[in-house]
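Q: Requesting a structural model of the entry that follows:
(2 chains)
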Amino acid sequence: MSYRLNTFKKASFCRHFEKQVYKNVENKNIKIPVYLSAGQEYIPASIYTILEEKRIEPNIFIQHRGHSHYLSAKANPIELIDELLGRKTGCSNGMGGSASIQSKDKNIFGHDGLMGSQAPIAVGHCHHTRKPTIVVLGDASAEEDYVLGAIGWASTKNLPILFVIEDNNLSILTEKKIRRNWEMDEIAKGFRMKSYNISDNPEDIFKVLNDYNFEYPMLLNINTTRKYWHAGAGVDGDYFDRYENEMNELGDEAIKIDLENKQTIEKLWQQQLEIQ
Amino acid sequence: MAATVRDTIKEITRKHLTENKGKCYGQCLTAVGWVGGTLPEMYEDEGMIELSMADVAGGAIVTGAALAGDRPIYVVRYQGFQWYNAATIVNYAAKSKEIWNRICPVFVRSIAMEGGVGPVAGSSHHSLVHRMPGIKVISPMTPQEYQLAYDSYMLDDVPYYVSEHRKSYDNTEELKDIINNEADFTIFPISITRLEMKKLVQLAEQEGIKLNIINQLWIKPFIVEDNWKIALDNSKYGGLVTDDDYVEGTASSIANELSLVTDKRVYTLGLEPRTAGFYPSVDNLPPSAEQILKKLKYIKNEK
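A: From the prediction side, this is the model:
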């Protein structure tokens, strides 16, 4: 299967998962705030497809809107469903909700809720382990002062860490141009770190990651689109949808994968909802 | 010659880096003074890790190291800087075990000093973290107490906030409790106020006031021992908690706990409720033996 099709497969799994979350928020099976990653799933789907090919299993530090990273890294979807339903069998023992998910099997570390704290935590973790590490931030959390301090220290210590900025241009509903006049890739360059500002087109992500093997720190600012509200189930507007675009371009095989994932995910949710 | 608190911390750190293969993190550690002489002269390749001057990021970087399995010692040279440094310690390291079942122990050396250090850096600030779950708070002022704090940390799985004081670094003496059968007051001193107790007992005796002194090492968890209850219940005018922090925190919390398990009223005395300036005339120092005695006489006369 081609890189694009493999990536689509992961993205499709994430998209259908998030559709089910949306549905279960609406029908009140999920009673906590959720942060949906639909629309942005092509970033993790591309990254983990490339890393799987390279057989690199990184330590991963995420924050809210992290369901697609969790799923793309092949963490247990049932444990995520249980977490969203507030069960002790959830991936964060029913305490993490949507925003603080983890997977010990896949080296995914939970987030405390202080936006961007995962950046310095990941840097400290990476400094001790010296193992490939990925830290994922939004364009808003990346503005936190301690994130900038962490990027600077990672550069100084030449750590094997990849900073991924999922840049959906929004902090809740405040656009980036209102908040700042600079870009994260420029900041990283200022810290003497290799960096790129790219789209969430899987080919663009492939171009910059294919030759990267965590020999040094790097930052990717990846422009993307949030399909749903900042929190909860709702739609901000009619934006470009990378997922729909890829399915149209990839054709029948993608449509088949889409249908299979839809059925798989629906079955998983149904099965977990039936457990009292 | 007996070991000082300074010698003890230095030796603990040396062994931590050599025998236990741990690391020590902080800002400007390898500068001229080696943090008041409490650090061995070791460098990055030996585990002495210089952080940048980004305080908030520094606390979180050490938290990440702890999450990775290091048992870090984290040096914060002024307790007032914990307003920046402690954010991730109390919000991640202290909560990690409960939420994610991942332990994240950090030994936070939180160093107090005062006298000309201004509105933020000076004094103790253990009240800042005291109210947070998942962290232990200890304030060692003697060599044996410091060793106990470290040994306890190495066997534990939660972060420790170690409320140190620079004035204790020269101390070689262990501070013993004093319990009389019929005292007028029981004093529960914390941090550097403990080093005022010897003088306080002498001054009080000259005034005909008999004191029990019960040294406070563990601030959190705070466990009232049976003999403390008896001593307090037998004290004619009740108790007094003295501290090097503002009283609206640790001191009040401990006083409340003591009041709840006895029939006695427990008072507090700490920093004055005002901002410290740099000059002596506007500074805000921990209560001296004379000031504590004045408070005791005031309480006695009120009764």
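
Q: just for the chain, where's the confidence low?
A: Going with chain A. Along chain A, no part satisfies pLDDT under 70.

Q: quick one, strands of it?
A: Taking DSSP state E, the strands of chain A run over residues A:59-61, A:108-109, A:133-138, A:161-167, A:170-171, A:174-175, A:194-199, A:218-223.

Q: B:Trp228 is nearest to which of those?
A: strand A:108-109 (41.7 Å; C-beta to C-beta). (Each C-beta comes from the backbone N, C-alpha and C, glycine too.)

Q: Among the strands of chain A, which comes closest to chain B?
A: strand A:108-109 (6.8 Å; C-beta to the nearest C-beta).

Q: Check which helices and strands the worst-scoring helix or strand of chain B on mean pLDDT sits against.
A: None of the helices or strands of chain B scores lower by mean pLDDT, DSSP states H and E than helix B:118-121, at a mean of 93. Packing partners of helix B:118-121 (3 or more C-beta pairs under 8 Å, 6 or more residues apart in numbering or on different chains; DSSP states H and E): none among the helices and strands.

Q: any residues touching it, and which ones?
A: Outside helix B:118-121, the residues that touch it by C-beta atoms under 8 Å, 6 or more residues apart in numbering or on different chains are B:Tyr78, B:Gln79, B:Gly80, B:Phe81, B:Trp83, B:Thr275, B:Ala276, B:Gly277, B:Phe278.

Q: Can you give me every residue that contacts the spatially most central residue of chain A?
A: Geometric centre of chain A, nearest residue: A:His69, 3.8 Å, by C-alpha atoms, centre = their mean. Taking C-beta under 8 Å, 6+ apart as the criterion, A:His69 is in contact with A:Ser37, A:Pro44, A:Tyr48, A:Ile60, A:Ile62, A:Ile108, A:Val136.

Q: Neighbours of the last one, how many?
A: Right, the one you point to is A:Val136. For A:Val136, the neighbour count with other C-beta atoms under 10 Å in any protein chain shown is 26.

Q: Kindly provide the distance from it to A:Val208.
A: Distance, A:Val136 to A:Val208, using C-beta to C-beta, to the nearest Å: 16 Å.

Q: can you check the third one too?
A: Using C-beta to C-beta, A:Tyr48 is found at 15 Å from A:Val208.

Q: Also B:Arg131?
A: Counting by C-beta to C-beta - B:Arg131 and A:Val208 are separated by 46 Å.

Q: For A:Pro33, which non-adjacent residue is closest in space?
A: Excluding the flanking residues, the one nearest A:Pro33 by C-beta to C-beta, 6 or more residues apart in numbering or on different chains is A:Ala231, at 4.7 Å.

Q: Do I have it right that the one you found meets A:Tyr35?
A: Yes - with contact defined as C-beta atoms under 8 Å, A:Ala231 counts as touching A:Tyr35 (5.7 Å).

Q: of those two, who's got more company?
A: For A:Ala231 versus A:Tyr35, neighbours defined as other C-beta under 10 Å are more numerous around A:Tyr35 (20 against 17).

Q: who touches the more buried one in this structure?
A: A:His64, A:Arg65, A:Gly66, A:His67, A:Ser98, A:Ala99, A:His230, A:Ala231.

Q: List the contacts of the first one.
A: With C-beta under 8 Å, 6+ apart as the criterion, the residues that contact A:His64 are A:Tyr35, A:Ser98, A:Ala99, A:Ser100, A:His111.

Q: Scan those residues and report the most crowded one.
A: Neighbour max across the contacts of A:His64 (other C-beta under 10 Å) = A:His111, 26 neighbours.

Q: where's that one relative to A:Ser117, distance?
A: 7 Å.

Q: and B:Trp53, what are its phi and psi?
A: Quick fix: residue B:53 is Met, not Trp. phi -80, psi 10 (degrees, to the nearest 10).

Q: tally of neighbours for it?
A: So B:Met53, with other C-beta under 10 Å, has 10 neighbours.

Q: Start and end of stretch B:75-92, how far apart?
A: Length of stretch B:75-92, first residue to last, C-alpha to C-alpha, to the nearest Å: 18 Å.

Q: How about stretch B:264-284?
A: Start-to-end, stretch B:264-284 (C-alpha to C-alpha) is 29 Å.

Q: residues of it that come out buried?
A: B:Lys264, B:Val266, B:Tyr267, B:Thr268, B:Leu269, B:Gly270, B:Leu271, B:Ala276, B:Asn284 (16 or more other C-beta atoms under 10 Å in any protein chain shown).

Q: Just those residues: which are in strands?
A: B:Val266, B:Tyr267, B:Thr268, B:Leu269, B:Gly270, B:Leu271.

Q: From the rest of the structure, what touches stretch B:207-214?
A: Contact partners of stretch B:207-214, identified using C-beta under 8 Å, 6+ apart, comprise B:177-180, B:182-189, B:197, B:200-201, B:204, B:228, B:231-232, B:235, B:293, B:296-297, B:300.

Q: Give me the buried positions along stretch A:155-170.
A: Within stretch A:155-170, the residues scored as buried using 16+ other C-beta under 10 Å are A:155, A:157, A:159-170.

Q: and of these, the nearest to B:Asp245?
A: A:Lys157 (35.1 Å).

Q: Report the contact partners of the closest one.
A: A:His127.

Q: if you set the cut-off to 10 Å instead, what comes out?
A: By C-beta atoms under 10 Å, 6 or more residues apart in numbering or on different chains, the contact set of A:Lys157 is A:Val123, A:Cys126, A:His127, A:Arg130, A:Pro217, B:Glu44, B:Ile49, B:Ser52, B:Ile61.

Q: Can I get the buried part of those as one PyMOL selection?
A: Listed next is the PyMOL selection for buried residues among those, using 16+ other C-beta under 10 Å:
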select buried, (chain A and resi 123+126+127+217) or (chain B and resi 49+61)
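
Q: before we move on, the earlier item: export the contacts of helix B:118-121 as TSV, with columns for pLDDT and distance to B:Leu217.
A: Output for the contacts of helix B:118-121, formatted as TSV (pLDDT from 0 to 100; distance: C-beta to C-beta, whole Å):
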residue	pLDDT	distance to B:Leu217
B:Tyr78	96	22
B:Gln79	97	17
B:Gly80	96	22
B:Phe81	97	24
B:Trp83	97	25
B:Thr275	96	29
B:Ala276	96	26
B:Gly277	96	31
B:Phe278	96	32
